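Participant: Quick check, what structure comes out for this input:
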Amino acid sequence: MNQSLSADTGAMIPKPALARELGVSTRTISRWLMDTAVEFPKPIIIRGRNYFMRTSVETWKAARLRAVIAPQPHRRPGSVAETGDASRTAIRARDDAR
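Facilitator: Okay, the predicted model is just below:
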């Protein structure tokens with residue numbers, strides 16, 4: 001894709017080009033569109049083809065990045081959230097044996 005086009009705030013990205021940019025398949029983008037929890041930007045459909053506004057995609061990417069790097073709530077070591085079900089069962093068995 002032409003660099004000047006991708007920097008243009010009004011640029012539209014075809015679905016296959018966007019999939020390559022994000023490192024996913026076009027089918028993955030289709031799944032994201034169906035999953036409301038992902039909050040993926042809605043496409044503009046022209047002649048049956050999906051195009052995405054560059055600004056919407058960049059806003060979505062920034063929100064995803066912020067969610068990933070946001071501080072996580074503190075968890076105490078050995079808590080259920082940290083250890084999972086298998087460890088919780090082992091801890092319960094140990095405590096019952098005491």
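
Participant: hey, let's count contacts and neighbours off CA atoms from now on
Facilitator: Noted.

Participant: Residues in a beta bridge with residue 50, which ones?
Facilitator: residue 45 (DSSP bridges).

Participant: Hmm, it is touching residue 30, no?
Facilitator: No: look at residue 50 against residue 30 with CA atoms under 8 Å: they stay out of range, at 9.9 Å.

Participant: quick one, which of those two is more surrounded?
Facilitator: Applying other CA atoms under 10 Å to residue 50 and residue 30 shows that residue 50 carries more neighbours, namely 16 against 13.

Participant: Can you read off the pLDDT for the more buried one?
Facilitator: Looking at residue 50, its pLDDT is 97.

Participant: pLDDT weak spots in the chain?
Facilitator: 1-9, 72, 74-98 (pLDDT under 70).

Participant: could you list every residue that touches residue 12?
Facilitator: 51-54 (CA atoms under 8 Å, 6 or more residues apart in numbering).
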